[in-house]
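S.K.: Show me how the following folds:
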Amino acid sequence: MFWYGHDVSGWGWFAMSAGMILFWALFITLAVLLFRALNQPHEHTHTPAAAAPEDILRERLARGEIDEEEYRRRSTALRGGPVTKI
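M.R.: Predicted coordinates for the structure are as follows:
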């Protein structure tokens, strides 16, 4: 390495040492970041819960799709009560 009698000065040793420290610090940092990225649990997208049948029935009444009599009859049927036809 020291052909023709060239010698590495103090600054050369410092630059090589600092370069080696920076190299290993970068290498270890990348390894830790990669390990953390691969080890993270996958986030699941939250799916909204299905609306309860009574909520759907209330919404249909509010939109005017069914009348009050139909609402009461279906609501009673959902609760498991006797269904009366008028």
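S.K.: For the residue positioned nearest the centre of the chain, give its distance to Leu34.
M.R.: Central residue of the chain (Cα atoms, centre = their mean): Glu43, 3.2 Å from the mean position. Look at Glu43 and Leu34: by Cβ to Cβ, to the nearest Å, they are 19 Å apart. In short, each C-beta sits where N, CA and C put it, glycine included.
S.K.: same deal with Arg73?
M.R.: Separation of Arg73 from Leu34 (Cβ to Cβ): 62 Å.
S.K.: More neighbours: those two, which one.
M.R.: Each of Arg73 and Leu34 has its neighbours counted (other Cβ atoms under 10 Å); Arg73 has more, 17 against 10.
S.K.: List the buried residues in the helix or strand harbouring the more buried one.
M.R.: Using DSSP states H and E, Arg73 sits in helix 68-79. Of all the residues in helix 68-79, those buried under the rule 16 or more other Cβ atoms under 10 Å are Tyr71, Arg73, Arg74.
S.K.: hang on, the first one packs against Glu59?
M.R.: Spelled out, it's Tyr71. No. The pair Tyr71 / Glu59 is not scored as a contact, 10.7 Å apart, by Cβ atoms under 8 Å.
S.K.: Please enumerate the helices of the protein.
M.R.: Secondary structure of the chain, counting by DSSP state H: helices at 10-39, 53-63, 68-79.
S.K.: now for the longest one, which elements pack on it?
M.R.: With contacts taken as 3 or more Cβ pairs under 8 Å, 6 or more residues apart in numbering; DSSP states H and E, helix 10-39 sits against no other helix or strand.
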